[in-house]
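[1] Fold the following and give me the result.
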Amino acid sequence: MYIRVVVYPGVKKEVVIKKGEDRFEVRVKEPAERNSANRRVLTLIAEIYSRPVRSLKIVSGHHNQQKIISIADIEVL
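    Model (predicted):
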């Protein structure tokens, strides 16, 4: 399964907003430095889908605000 995420790093309060079935807006406290914001986004999305972080992978957008994340082991019906 693939989801689209728009990330806002370096904010004061962490928020995850579901914009659609496979679209999220994520605001994280971590800065966009040394991959810390990306790691936090993966952790938050893994919690939402009740999956281990290792089953998630950023497919596109490593250095971009808009990302596509792959979640393994989830079948779309």
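[2] element containing the residue positioned nearest the centre of the chain?
    Most central in the chain under Cα atoms, centre = their mean is Val41, positioned 4.0 Å from the mean C-alpha point. If you go by DSSP states H and E, Val41 is part of helix 36-48.
[3] Mind listing residues that contact that helix?
    3, 5, 7, 9-10, 14, 16, 24, 26, 28-31, 52-53, 55-56, 58, 62, 67, 69, 71 (Cβ atoms under 8 Å, 6 or more residues apart in numbering). (C-beta placed from N, C-alpha, C; glycine too.)
[4] What about the residues you listed, which are in helices?
    Members of the contacts of helix 36-48 lying in helices (criterion: DSSP state H): none.
[5] And the pLDDT at Ile74?
    Note for Ile74: predicted pLDDT of 60.
[6] List the buried residues in the helix holding Val41.
    Buried residues in helix 36-48, counted by 16 or more other Cβ atoms under 10 Å: 37-38, 40-42, 44-46.
[7] Right, I'll leave it there.
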